[in-house]
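Asker: Provide a 3D model corresponding to the input given below.
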Amino acid sequence: PTTNATFDLIEGLFADLNDIFPEKLMHLGGDEVNTDCWTNTKEVADWMADNDMDASSTYAWFIAKVQHIAQNLGKEVIGWEEIWNNFGTQLDPKTIVHLWISGSKIAPAVTAAGYRMLWSSSDKWYGAPERG
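Answerer: Numbering: from 1, shown residues only. Below is the predicted model:
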């Protein structure tokens with residue numbers, strides 16, 4: 001997150017994908033993110049300190065910047081529910097929140113805040129099918 005080259009690369013990748021996949025939706029993930037590499041890398045840790053940010057606020061800033069890149073290419077952005085769990089209404093209001101965790105109870109909060117939601121239950125659609 002400390003260099004514009006990262007975002008230039010992401011923008012170029014998204015532009016290439018946009019040419020191949022003209023669909024309007026783009027899922028950017030956001031689950032199982034481990035920011036330890038940021039806090040354990042001196043250059044990034046120093047950058048976060050210089051910008052009065054911790055790993056969580058840096059990740060929120062990173063998500064916003066990457067979503068903006070996708071939106072500038074005409075994409076509607078989807079992200080896993082973990083981004084909602086971590087950042088809630090700090091997310092761009094156009095974000096589509098993808099619920100997947102079985103038993104998750106965030107749907108009322110997501111929709112009450114005016115966000116769109118995509119739902120696929122992990123007990124039905126995630127992982128390998130059970131064999132009898």
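
Asker: tell me the phi and psi of the spatially most central residue of the chain?
Answerer: Nearest residue to the geometric centre of the chain (C-alpha atoms, centre = their mean): G30, 3.7 Å. Phi and psi for G30, reported as degrees, to the nearest 10, are phi 110, psi 10.

Asker: Would you enumerate the residues in contact with it?
Answerer: 63, 79-80, 82-83 (C-beta atoms under 8 Å, 6 or more residues apart in numbering). Backbone N, C-alpha and C define where each C-beta goes, glycine included.

Asker: let's go with 6 Å and repeat that
Answerer: Taking C-beta atoms under 6 Å, 6 or more residues apart in numbering, we find G30 in contact with 79-80, 82-83.

Asker: Could you tell me which of those belong to helices?
Answerer: 82-83 (DSSP state H).

Asker: Identify the farthest-apart pair in the contacts of G30.
Answerer: G79 and E82 (8.0 Å; C-beta to C-beta).

Asker: Compare neighbour counts for these two and give me the winner.
Answerer: Applying other C-beta atoms under 10 Å to G79 and E82 shows that G79 carries more neighbours, namely 24 against 17.

Asker: Skipping adjacent residues, who's closest to the more buried one in space?
Answerer: In space, G79 comes closest to G30 once its chain neighbours are excluded; the distance is 4.2 Å by C-beta to C-beta, 6 or more residues apart in numbering.

Asker: Spatially, which residue comes closest to L91, not counting chain neighbours?
Answerer: Counting by C-beta to C-beta, 6+ apart, the residue nearest L91 is I83, at 6.2 Å.

Asker: how many neighbours does the one you found have?
Answerer: 25.

Asker: Show the pLDDT at it.
Answerer: Note on I83: pLDDT of 94.

Asker: So which residues of this protein form strands?
Answerer: Per DSSP state E, the chain carries strands over the ranges 25-27, 76-80, 96-99, 116-119.

Asker: what are the bridge partners for R116, then?
Answerer: I96 (DSSP bridges).

Asker: And it, how far from D36?
Answerer: For R116, the distance to D36 equals 32 Å [C-beta to C-beta, to the nearest Å].
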